[in-house]
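Visitor: Sequence plus predicted model, see below.
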Amino acid sequence: MTVDNKHMQHEPLFRVVKRDGLPLKKTILIRAAAILLAFLFCGLIALILIKANPISFYEAIFNGSFGTQRKVWKLLKDIAVLLCISLAITPAFRMKFWNIGAEGQVLVAALACAGCMYYMGGHVPDALIIAAMLIASILAGMIWAGLPAIFKARWNTNETLFTLMMNYIATFLVAYFLIKWTPSGSSSLGELKFGHLPRLYNEYLLIILVVAVITVLLHIYLNYSKHGYEISVVGESEKTAKYIGINVKKVIIRTMLVSGALCGIAGFLIVGGLDHSVTENTVGGLGFTAIMVSWLAKFKPGYMVLTSFLLVFLDQGAAQVSQNFDISSAFPNVIVGIILFFIIGSEFFIDYKIVTRAKAKEGTKA
Amino acid sequence: MNLWNGILDYILSAVPLGMTFLYGSTGEILTEKSGHLNLGIPGIMCVGAAGGCAAIQALHPAGTVHPALVVLIAVLAAFLAGGLMGMLYSFLTVTLHANQNVTGLALTTFGVGLMKFIMSKLSSVKYLYALPYFRYPFAESESSLKYCGVLFFFAILLALVCSYVLLKTRVGLHLRAVGENPATADAVGINVFLYKYVATVIGSGIAGLGGLYYIMDYAGSQEAYLSIEAMGWLSIALVIFALWKPHISLIGSAVFGALFIAGAYIPGIRELHVSMSSTPLLKMLPYVFTVLVLIVISIRNKRENQPPGALGVNYYREER
């Protein structure tokens, strides 16, 4: 037995090796396979748990988004809103600032927006109210995002928990104002009459267009501007950033202010264009879903259109399933969770490959 | 209700509530000590609660099984349900090197959904019959003392045992080494993957008990499960307050408990003249307090108060 052979025997049956970057075609193939597997698995789960016939199960998922023309519009609107929040958190995520407080940043902006509608409605022209709504929303979002950023930059305060706590503070702030604004104490504000955004064709189109413009602008900001470059460097390595003379603290605070402003716009669009009111559930978990959208798209605005479509499609489909089969409204979260696990797991096969002992042997011979 | 009785009742209610946080934070501390920030704790606590309640319902009606056995089986079921979620988290983050934050958030989405789905299938009458079993020995008490049941004492015991293991034993030393610097730990022959898996799974199991404790020992109501998620997030925050030591968590959990129910109790004490409309502001307290704690700890920036060195970073052996 040669020395080489002896060495081979100690080699494990298989080991994990990092890939140098897979061709785009293959990464798409792996992700598509993961999603397909996830769908098959969900069908199986549905068959066991709610005894749903697989064909009618998939039909329901598809119909949830494409069943009627109204549903298609709703799909597009939901994609736009989710995409807007996802875009908002992306600059910060690119510099590895784990902002999980988009929920609160959008909600507090929604509150500020509703506040303008409530206090100014009827006293001044609608155009002025809308201008005030936009400014107030953006400012509110910036304050909510800026606070954690300042403390992160100055004292390295844990931003994940800070932003998370700000979500709850925003929720109870909304609850407080709802009690204040509703004399009966019912805490249900109802539709505010003034300061509605103008309708183009229907109430959704304007929002879809605005978000499309933001997507393009953010793509340019992140990829072709000096700010975007600084964000990427800080995300790669803070030490490198310091070495080449980037003021890291300034970049952190500035980027979070941009994030907060975009969250503010999302809140403005939701309240001014769609809900015309505010409740504690105005954002309804979209701030967390947005993190998934952004991460799945590798923080690239273009891909985010696809990932937000995927998540909205899943959510509406699963909602249709729970309606058709008369089960708990929590079922969509289970389905979405399972599919996310598959996608998260599939990332492994994009970044790493498994080398078996036999293959390693071939490699050394060649 | 006079002032002193009101305050006494408030404290007697706050300390047991805090035990929910204690379970969650003890579990999270074990996980974080292995270098993994598990944001799935809220979901894990939810699934633990659902698993426990489902087990109790399976033992319905009352009297068919000995009360002590009902409690034991429910505890095991909750631990197992939480542990399974921990297993899923470990598989994704330890074996498949997935991003810890994203995996944790997905776990929470999934866990909360799964719990709501299971709880909607259960009938509260068929699991709440076991309430007196869990509240032993004070089940008959009219005051808030009734919340100090079996799992209340178990939480304290568990926190003390975990502190002892972490700080005074060889296993604890190895675990801390894995969380501080997995490459070094690996080099001296510690099985890094085994430690990460075991710490995360046991930690998740303990967190799962927190959910069960909240429903079956503390709240004892049909809607109780709706508040578990918020408590899970606070449990993660409590870890920082406790400086990664379960015995400090004991005090922290009581403080968090007191703040969490301030909104429900303080307007009820008439002598304090707090109006009902300020309830939302009182409910904000635990979160504002957490933010203040985060800020103070980061400003003081003491060496021994820092998180584990490799927290949040996956270990990949061939990347040394």
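Guide: That came through fine.
Visitor: could you pull out the helices for the stretch 1-150 of chain A?
Guide: In the stretch 1-150 of chain A, the helices defined using DSSP state H, counting those that start in this stretch lie at A:3-10, A:24-49, A:54-66, A:69-94, A:102-120, A:126-155.
Visitor: Which one, of those, ends up nearest to chain B?
Guide: Proximity to chain B (Cβ to the nearest Cβ) singles out helix A:126-155 among the helices of the stretch 1-150 of chain A, at 4.4 Å. Bear in mind the C-beta positions are built from the backbone N, C-alpha and C, glycine included.
Visitor: what angle separates that closest one from helix A:102-120?
Guide: Computed by axes from the mean of the first three to the mean of the last three Cα atoms, to 10 degrees, the angle separating helix A:126-155 from helix A:102-120 equals 140 degrees.
Visitor: Give me the distance from helix A:126-155 to the chain's centre.
Guide: With Cα atoms, centre = their mean, to the nearest Å as the basis, helix A:126-155 stands 19 Å off its chain's centre.
Visitor: try stretch A:172-179
Guide: In terms of Cα atoms, centre = their mean, the centre of stretch A:172-179 is set 25 Å apart from its chain centre.
Visitor: Residues touching it, excluding its own?
Guide: Applying Cβ atoms under 8 Å, 6 or more residues apart in numbering or on different chains, the contact partners of stretch A:172-179 are A:107-108, A:110-111, A:115, A:185, A:187-189, A:278-280, A:282, B:277-281, B:283-284, B:287.
Visitor: And stretch A:40-48, by the same measure?
Guide: The contact list for stretch A:40-48 (Cβ under 8 Å, 6+ apart) reads A:A52, A:N53, A:P54, A:F57, A:Y58, A:V321, A:F325, A:V334, A:I335, A:I338, A:I339, A:F342.
Visitor: and what of stretch B:75-84?
Guide: B:27, B:44-45, B:47-52, B:54-55, B:151, B:154, B:201-202, B:204-209, B:211-212.
Visitor: do that again at 7 Å, thanks
Guide: Applying Cβ atoms under 7 Å, 6 or more residues apart in numbering or on different chains, the contact partners of stretch B:75-84 are B:44, B:47-52, B:54-55, B:201, B:204-205, B:207-209, B:211-212.
Visitor: Take those residues and keep only those in helices.
Guide: B:44, B:47-52, B:54-55, B:201, B:204-205, B:207-209, B:211-212 (DSSP state H).
Visitor: B:A62 and B:V70: what is the separation?
Guide: Here the criterion is Cβ to Cβ, to the nearest Å. By it, B:A62 lies 8 Å from B:V70.
Visitor: For A:G273, list the residues it contacts.
Guide: Counting by Cβ under 7 Å, 6+ apart, A:G273 touches A:L197, A:E203, A:L206, A:I207.
Visitor: Could you list the contact residues of the stretch 251-366 of chain A toward chain B?
Guide: Proximity of the stretch 251-366 of chain A to chain B, by Cβ under 7 Å from any Cβ of the partner chain, involves residues A:288, A:291-292, A:295, A:328, A:330-331, A:333-334, A:336-338, A:340-341, A:344-345, A:347-348, A:352.
Visitor: Which members of those occur in strands, if any?
Guide: A:Y352 (DSSP state E).
Visitor: Can you get me a residue count around whichever residue of the stretch 1-150 of chain A sits closest to chain B?
Guide: Residue nearest to chain B within the stretch 1-150 of chain A: A:W98 (5.7 Å; Cβ to the nearest Cβ). Residues near A:W98, counting by other Cβ atoms under 10 Å in any protein chain shown, number 21.
Visitor: Equivalent analysis for B:A58, please.
Guide: B:A58 has 14 neighbours, counted by other Cβ under 10 Å.
Visitor: Same question for A:L209.
Guide: By other Cβ under 10 Å, the residues close to A:L209 number 12.
Visitor: How about the one 3 residues further on?
Guide: A:A212 is surrounded by 13 other residues when neighbours are defined as other Cβ under 10 Å.
Visitor: give me the element it is part of.
Guide: A:A212 is part of helix A:205-224 when elements are defined by DSSP states H and E.
Visitor: need the contact list for A:A110.
Guide: By Cβ under 7 Å, 6+ apart, the contact set of A:A110 is A:G267, A:I270, A:V271, A:V278, A:T282.
Visitor: Who are the contact partners of residue 148?
Guide: Unless you meant another one, I'm taking chain A. Contacts for A:P148 (Cβ under 7 Å, 6+ apart) come out as A:G101, A:E159, A:F162, A:T163, A:M166.
Visitor: That was the other one, I meant chain B.
Guide: Applying Cβ under 7 Å, 6+ apart, we find B:C148 in contact with B:P16, B:F138.
Visitor: Please tell me the pLDDT value assigned to it.
Guide: Here the pLDDT value assigned to B:C148 is 83.
Visitor: For the helix or strand that contains B:L292, which residues meet the burial criterion?
Guide: Assigned by DSSP H and E, B:L292 belongs to helix B:285-300. Counting neighbours by 16 or more other Cβ atoms under 10 Å in any protein chain shown, one finds that the buried residues in helix B:285-300 are B:L285, B:P286, B:Y287, B:V288, B:F289, B:T290, B:V291, B:V293, B:L294, B:I295, B:I297, B:S298.
Visitor: ditto for stretch B:248-265
Guide: Neighbour-count burial for stretch B:248-265 flags B:248-250, B:252-263, B:265 (criterion: 16+ other Cβ under 10 Å).
Visitor: ditto for stretch A:191-209
Guide: Of all the residues in stretch A:191-209, those buried under the rule 16+ other Cβ under 10 Å are A:L192, A:F194, A:G195, A:H196, A:L197, A:E203, A:Y204, A:L205, A:L206, A:I207, A:I208.
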